[in-house]
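*Asks:* sequence first, then the predicted structure:
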Amino acid sequence: MSKARFSALAVILMMAMSAFVVIPTYNVGAMDSDDDEGEDDGGPESIDVAVDMIALDEWTVSITAEMPATSSDEMRQGIAWMCGDMIGTSDDEITEACFNHWIEMMEMESGDGDHGEDGCPPGLSDEQCDDLRDCFEGEEGGPILGCFRAIYDICGDENPYDFCYTGDGIRDFFDTFFAYEDGYVSPDDFMTAVMSLFDNSEGPGGDDDDVWAFDIQVFTIGAEDAGHYSIHPDFLYSESPDFVCQNGDTINFNDVNNEWGNCEDGTDEQWYDSHTPEDTADDCQYWMTDDCTGDPVNRFVCNDNSEILITAVNNDEDNCPSGSDEYWYHHWSGHVYLYSGYLNPDNTSNLLGNAGASYVCQYAGTNEINVECISHWEGNLPAGFYSLVTAAPCHNEWTDEDEDGEDDSDELDCENGDYAHSIPSIGLLDGSIDDESPRMGLKSDHYDSHDYSRQNFPLFDTYQFTVGEDGLNGSITSAHYICYDNDGEVPDDCSGTDMSLYLYEYSFNPDDTGDNLLGSNRVSEGNGQDCPVVEEGESVCDYSRLEVELTEGNYVVVTAGGHTYTEGSYVNRIVNQDGTTVENHIWDGTLQGNHCDYLGWDGIYLSPSPGMTYDDCVVNEGQQIQNVSLDGDGSIFVNFTEEFETDGEGDDLWIKIFMLNSTIADWDVIDGTGLDNGGNHSNFTCHPYWCDKWDGESILRIVLHAYGVTSVVIGLPGSAPNDWSYANAPVVAQGDDRAYMPWAEEYGSGGDPHWQLFMDMIVVAESYEDGTSTSAVAAEEIRTLVYQADAMGLYNQPDSDENYDTGMSEDECNNAGGDYHENEEGEDGTIYETHCHLPSEHHGEGDNGDGSDQCPFDDDEFCSMIGHYCNPEDPDYDPEHCGTEAAHYCLEDGADDEGCTDEIIKEACEDEDATEEICEAYLNFDHDAYHSEDMGDHVLLDGIIAKENPADFDLPILSTNVIGPLSDNEGLPMMMGGSFVATFDGADDTLAHHTLVLPSNDDPIPTSYTFTLLEGYQFDSCLTEGADCTGLEVDDDGRTFHFDGSEESATIGFSPVSTEPEPLEEDGGILPGPGLIAALISFFAVAVLRRRI
């Protein structure tokens, strides 16, 4: 079994408990839908509201709501499944007992159980409720293995509560884990459960075959041709055919209709007739003149010979039937595998290797200056027959056209395209993959054949040191950076650069960089490390830190680039646990590859800075520059010794002009121009527009490349001809060596507890797999590792306000405000690593995706509600709403919240944790105006806000169309229904007429209303935007009326019978504002519905 597969197992074991905080429940209390069109969005499909006036200040509201049939069917199926799992009823029927059980669980989730509003399930002790609350809400944070234990103890075998269901098998493993601890499961069964996690994993190298389309090319090597071969894959790029100009020239199709004439005759852009259609001499183009007018002239011919205006080309719309008017391109990639003999898709015994997925980085050229990373395979091939298999990945596009929650797709979509792989001395093996290509499954052997050992080819330095008999317990630290010298005085323009630390015991062998390797680290926090470069008060360095505990002996530290192309400088130290540098163990250096030093005008060789060493080391191979002069307008004119003819393909002719920067003793590029454009060239003029960087005085270096021959001259335009000279050959300066280094992450991150546990779990699994360890030993080792990981905080809940750092000394920990813990003993007797327990910078470290993780307030619900509006990166960012709601919260519900203190708010604004707009809205908040505007959110009777009785009325779900076989109720809507009383304290019955205002709503549910006024009152009017309410009907009694809901607010007028009715304005003197649901449903019913659904 490969180590990659065991890695998948270790990841599952280490990450499983993190899933605890997102344990899903049977969400049968909601009717959610993913419909993007807004149909069947989980709300009621229709609502009927009956309002009876008992007295002027007392009204009874009865509501009946019908849910969409599709959602109702899904809901009923979910209820039946839940009851089948929890109480053993049929999956095809909802009994009365099932319905009542579901309602009980709904009430439990909404806080109606015997623990009040805390939402704790009935039947649990207060202590159990406290434990569960801490687990689910993350109030205490920290290790969470105890949460799984609490759930295990509560749920048992009967699973009586909704939270007992995780839905992903994770709890099954931990049930087995705790049952093993309690002696109910044997070590054999426990290790079977451990390995089943591995067996079911789909990590790298899993046996679950990936489906790939493939094509085969075959070749034969004769006995006399056996030897070393290389295979160079090429997955061909394709794009739209070139556009043919009217004069026969061709241009890239992407340049058509780009508001610039790329064809010499301008036929790639629209011509206009200047209102003289018979005279073409005055035709014009917009890109050439601002006053071009007239009718369009030229047209584009589609593939089917239909025509469109040239302005319709490349406008992101398919105007030709075949879409040939839009530029297209196609990139694709895959894997290339080499087999000896014929391919058998089910047998990999003759698989030789992967030729297409393994990049190899190596020197390019004889000077070992440039490094290239290419995808190829190389090796010795004996005489015989071979198959080269090109494979392209396939994937399933999940569709659910019938909305049954099942995948309806039965076809795989595969990458496709042309390829042309080359094998020197054999030739091109070309072909293609399309929809008709055969399919095969890639197995673990295919993935294991990928060779990644030569991908990382960085520069490196070594440092040797000896540890005495007292040993060394501390760290190896590195601060690394790169600077470009722009003024010749001090390094400037600095930034951090990417480097890695490697520690070897005894010695370092560049030809076998895995030998003697103890550990490595690529990236870490600074943790107090000194950076030698500070800009604007901030350190610019990146850091690496390798925690070590070494015994007496000899060691080697290798400082290497973090990847193949890294260059820069570093300062390294070996430090004790208290952060002090071990005597004499501080060293620095610069990683720079081989580079070219050019002979400058003054006879001094010029050397580039690190990070700029990949020059082409140009040498004179010919003398094809005749002279260089300066035209009257300041243009640099270069005359060639001959006229060069070009074919417009490739880069056979080009010229570069450099200027000597005497400040930093280096050459600056001021122009580079490709001349292979199909024309003939005997000279080149660099106009001031292009060569504007030249100061007119500095020495120039001009490089002409003509069909493989390079000429280089140095001089000053306008000087005597003999002052120009062909440049001497550059000197190749020897830089640092390179080696194929393992990626630092593969060997740990220097003291990161994740890594050691990761490796330990792999070792335990491997030893059990190969039989060197018994199940009893392996089970205890896994158990210990799980507890150790939990105690070290590796399974912390995302909402925890605690975090741990194992790389800080005691002084550093104390200075950071943390608590230092040294070698603590856990309940199982394990000694856990020293760590610093740090307070978080903000309440909660997890990113909930709603901005609440950065919220300063204690109320998580409030933070979640306004988080999106307060995050400048969120598309819903609204600083006015954020600042206003935060200020209102601090004045009312959050008056005692520590996040509302003046010091916290001032600090947040001064430190720019909150934007200027948010701070301005917060500090300028008008409390009285806020509540004045809030009046528009309520139902008002003569300006009095309605009150709900009972408070927070919850509209219940009815058993209608629920109880019974699912087939009997299929297609019928589930129902919600109930009633409450609305009161208007202080209503004045002496008024001659009354006004009832119903707020507006942006997203109404179809609603019908029936009002019945008290005898002695009569209906006067119902207005919406100055017109009668939609569907308004008044019964003969004059006090019963009906109307339909609307997005706009409605104003209802009524009066005592004895009073002559007067016409009413729509708002009745009250300003209606945005509401919840149209019409009367807003005035409590919708809030009720929203809470329930």
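*Replies:* All right, it came through fine. Numbers count the residues shown, from 1 in each chain.

*Asks:* from now on I want contacts and neighbour counts done on CA atoms only, so please keep to that.
*Replies:* OK.

*Asks:* hang on, residue 765 in a strand?
*Replies:* No: Residue 765: not assigned to a strand; according to DSSP: H, G, I helix; E, B strand; the rest coil it is helix.

*Asks:* and it, what pLDDT?
*Replies:* In this model, residue 765 is scored at 82, pLDDT.

*Asks:* from residue 231, how far out is residue 384?
*Replies:* 16 Å (CA to CA, to the nearest Å).

*Asks:* neighbour-wise, which of these two wins?
*Replies:* Set residue 384 next to residue 231 and count neighbours by other CA atoms under 10 Å: residue 231 wins out with 24 against 14.

*Asks:* and the more buried one, how far is that from residue 282?
*Replies:* Counting by CA to CA - residue 231 and residue 282 are separated by 59 Å.

*Asks:* contact partners for residue 594?
*Replies:* 367, 368, 369, 613, 732, 733, 734, 735, 736 (CA atoms under 8 Å, 6 or more residues apart in numbering).

*Asks:* Throw those residues into TSV and include distance to residue 181, secondary structure and neighbour count, thanks.
*Replies:* Output for the contacts of residue 594, formatted as TSV (distance: CA to CA, whole Å; DSSP: H, G, I helix; E, B strand; the rest coil; neighbours: other CA atoms under 10 Å):
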residue	distance to residue 181	secondary structure	neighbour count
367	65	coil	15
368	61	coil	15
369	61	coil	22
613	61	coil	20
732	67	strand	16
733	66	strand	13
734	63	coil	14
735	59	coil	16
736	56	coil	13
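
*Asks:* and the residues you listed, which is closest to residue 380?
*Replies:* Closest approach between these and residue 380, by CA to CA: residue 368, at 24.7 Å.

*Asks:* report pLDDT for the closest one.
*Replies:* Reading off the model, residue 368 has pLDDT 81.

*Asks:* just the one 10 residues further on next, same as before
*Replies:* At residue 378, the model reports a pLDDT of 85.

*Asks:* against residue 426, how distant is it?
*Replies:* 14 Å.

*Asks:* any shared contact partners between those two?
*Replies:* Joint contacts of residue 378 and residue 426 (CA under 8 Å, 6+ apart) do not exist.

*Asks:* what are the buried residues along stretch 359-367?
*Replies:* Neighbour-count burial for stretch 359-367, with 16 or more other CA atoms under 10 Å as criterion, is recorded at 359, 360, 361, 362.

*Asks:* before we move on, what about stretch 693-712?
*Replies:* So stretch 693-712, judged by 16+ other CA under 10 Å, has buried residues 694, 696, 699-706, 710-712.

*Asks:* again with stretch 402-419
*Replies:* 412, 414, 415, 416, 417, 418, 419.

*Asks:* do the same with stretch 773-782
*Replies:* For stretch 773-782, a neighbour-count test (16+ other CA under 10 Å) marks 775, 778, 779, 780, 782 as buried.

*Asks:* which of the contacts of residue 594 sits closest to residue 272?
*Replies:* residue 613 (51.9 Å).

*Asks:* who are the packing partners of the strand or helix carrying residue 1011?
*Replies:* Element membership of residue 1011 [criterion: DSSP states H and E] is strand 1007-1012. Counting contacts by 3 or more CA pairs under 8 Å, 6 or more residues apart in numbering; DSSP states H and E, strand 1007-1012 packs against strand 46-55, strand 1040-1044.

*Asks:* quick one: buried residues of the longest one?
*Replies:* When neighbours are counted by 16+ other CA under 10 Å, the buried residues of strand 46-55 are found to be 47, 48, 49, 50, 51, 52, 53.

*Asks:* tell me the contacts of the first one?
*Replies:* Applying CA under 8 Å, 6+ apart, we find residue 47 in contact with 63, 64, 65, 66, 1005, 1006, 1007, 1008.

*Asks:* point out the least confident one among the residues you listed.
*Replies:* Among the contacts of residue 47, residue 1005 has the weakest pLDDT, 79.

*Asks:* what's the nearest residue to that one if we skip its chain neighbours?
*Replies:* Among residues not flanking residue 1005 along the chain, residue 46 sits closest, at 6.2 Å (CA to CA, 6 or more residues apart in numbering).

*Asks:* let me see the contact set for the one you found.
*Replies:* Going by CA under 8 Å, 6+ apart, the list of residues near residue 46 reads 65, 66, 67, 1005, 1006, 1007.

*Asks:* number of nearby residues for the closest residue in space to the third one that isn't next to it in sequence?
*Replies:* Leaving aside its chain neighbours, residue 67 sits nearest to residue 44 (4.5 Å; criterion: CA to CA, 6+ apart). By the other CA under 10 Å criterion, the neighbourhood of residue 44 contains 25 residues.

*Asks:* wait, a strand at residue 44?
*Replies:* No: if the criterion is three-state DSSP, then residue 44 is coil and not within a strand.

*Asks:* residues in contact with it?
*Replies:* Contacts of residue 44 (CA under 8 Å, 6+ apart): 65, 66, 67, 68, 1005.

*Asks:* could I get the pLDDT score of the third one?
*Replies:* In other words, residue 67. For residue 67, the predicted pLDDT is 89.

*Asks:* what separates the nearest residue to residue 445 once chain neighbours are set aside from residue 355, distance-wise?
*Replies:* Spatial nearest neighbour of residue 445, chain neighbours left out: residue 348 (6.9 Å); criterion: CA to CA, 6+ apart. Computed as CA to CA, the residue 348 to residue 355 distance reads 15 Å.

*Asks:* which one is residue 543 nearest to, not counting chain neighbours?
*Replies:* residue 479 (4.7 Å).

*Asks:* next structured bit after the helix or strand encompassing the one you found?
*Replies:* According to DSSP H and E, residue 479 maps onto strand 472-484. Later in the chain than strand 472-484, the nearest helix or strand by DSSP H and E is strand 492-496.

*Asks:* so in that sheet, which strands flank that next one, and in what orientation?
*Replies:* Strand 492-496 has the following strand partners under DSSP bridges: strand 472-484 (antiparallel).

*Asks:* the strand it pairs with - what's its average pLDDT?
*Replies:* On average, strand 472-484 scores 89.

*Asks:* among the contacts of residue 47, who's most crowded?
*Replies:* Neighbour-wise, these (other CA under 10 Å) top out at residue 65, 24 neighbours.

*Asks:* Three-state assignment for it, please.
*Replies:* Residue 65 ends up strand, using three-state DSSP.

*Asks:* hmm, it is touching residue 973, no?
*Replies:* No: taking contacts as CA atoms under 8 Å, residue 65 lies outside contact range of residue 973: 9.3 Å.

*Asks:* which stretches of the stretch 401-550 of the chain have low pLDDT?
*Replies:* Along the stretch 401-550 of the chain, segments meeting pLDDT under 70 span 404-405, 407-408, 485-492, 525-528.

*Asks:* hey, where'd the helices end up in it?
*Replies:* Here the stretch 401-550 of the chain has its helices, by DSSP state H, counting those that start in this stretch, at 444-448.

*Asks:* in the stretch 951-1093 of the chain, which spans are helices?
*Replies:* 966-969, 1085-1092.

*Asks:* need the least confident one among the ones you listed, by mean pLDDT.
*Replies:* Among the helices of the stretch 951-1093 of the chain, helix 1085-1092 scores lowest, at a mean of 35.

*Asks:* any idea what residue 430 is bridged to?
*Replies:* According to DSSP bridges, beta-bridge pairing links residue 430 with residue 420.

*Asks:* touching, it and residue 420? I think so.
*Replies:* Yes: with contact defined as CA under 8 Å, residue 430 counts as touching residue 420 (4.0 Å).

*Asks:* okay, now residue 468: neighbour count?
*Replies:* 12.

*Asks:* ah, wrong one, I meant residue 653
*Replies:* 22.

*Asks:* I'd say it and residue 646 touch.
*Replies:* Yes: the pair residue 653 / residue 646 is scored as a contact, 7.5 Å apart, by CA under 8 Å.

*Asks:* overlap in contacts of the two?
*Replies:* In contact with both residue 653 and residue 646: 675, 676, using CA under 8 Å, 6+ apart.
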